[in-house]
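*Asks:* show me the folded form of this:
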Amino acid sequence: MNTRYPHRLTGFTLMEVLITIAIVVALAALVIPVGNTMLRNSRKAACLSNLRQIGTGLESYLQDHQNIMPELAVGRSSIQEDVPVLDNTLQAYLSSPDVFRCPEDDKEFKKSGSSYLWNSTQNGRPKMNLAFFGSTDSSQIPLVTDKEAWHGEQNGANILYADYSASGEFKFRTSR
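*Replies:* Okay, here's the model as predicted:
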């Protein structure tokens, strides 16, 4: 027993508490941006997966319609509009309406029923005769794209191409 300081309380000093807080703040400053980047990347991957599923649904649609692309509007401004668009045309070929929602989209899906736009330049074309800006290479013909650049990069939009690959890269050219 310590008789010299009989009333001494044990605990942390103010300096120890301040140093601990400073370390926690420094670690949070490092971890939070990394966590946000990882979350954004996982949402982008989920969006790419949605586009691939839309491609699978489109292929099923084509098998039922003699390989002729659907006649669709690019999109609609309201879910109440009665026009043929991606979500109401391909819904029967997909497992869930959530396939038409990009995880980064907080408003467009609720408003219009889809986070994605259809490339109407391909309307009514046979699958084997698609073309875009002079290219007939299916890996360069966009079919479906994000409505907005939700994914944060410079171009930030995901695209489903006619070969059913989905990418965040623009593979087509608008000039030679």
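
*Asks:* other SSEs contacting the longest helix along the chain?
*Replies:* In the chain, with assignment by DSSP state H, the single longest helix is helix 14-64. In this structure, helix 14-64 packs against helix 86-90, strand 116-118, strand 142-146, strand 159-161, strand 166-167, with contacts taken as 3 or more CB pairs under 8 Å, 6 or more residues apart in numbering; DSSP states H and E. Quick note: C-beta positions are derived from backbone N, CA and C, even for glycine.

*Asks:* let's have those in a markdown table, adding mean neighbour count and mean pLDDT.
*Replies:* Output for these, formatted as a markdown table (neighbours: other CB atoms under 10 Å; pLDDT from 0 to 100):
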| stretch | mean neighbour count | mean pLDDT |
| --- | --- | --- |
| helix 86-90 | 22 | 94 |
| strand 116-118 | 27 | 95 |
| strand 142-146 | 23 | 94 |
| strand 159-161 | 25 | 94 |
| strand 166-167 | 17 | 90 |
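
*Asks:* between the ones you listed, which one is closest to residue 55.
*Replies:* For residue 55, the closest of the helices and strands packed on helix 14-64 is strand 159-161, at 5.2 Å, according to CB to CB.

*Asks:* each with direction, which strands does the closest one pair with?
*Replies:* Sheet pairing of strand 159-161 (DSSP bridges) gives strand 142-146 (antiparallel), strand 166-167 (antiparallel).

*Asks:* okay, those strands in TSV with distance to residue 94 next?
*Replies:* Supplementary listing: the strands paired with strand 159-161 in TSV, determined by distance: least, CB to CB, whole Å:
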stretch	distance to residue 94
strand 142-146	12
strand 166-167	15
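
*Asks:* got CSV for the helices and strands packed on helix 14-64, with distance to residue 31 too?
*Replies:* Formatted as CSV, the helices and strands packed on helix 14-64 follow (distance: least, CB to CB, whole Å):
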stretch, distance to residue 31
helix 86-90, 38
strand 116-118, 33
strand 142-146, 29
strand 159-161, 32
strand 166-167, 30
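
*Asks:* mind checking how far residue 124 is from residue 65?
*Replies:* Remark: distance between residue 124 and residue 65 (CB to CB, to the nearest Å) = 10 Å.
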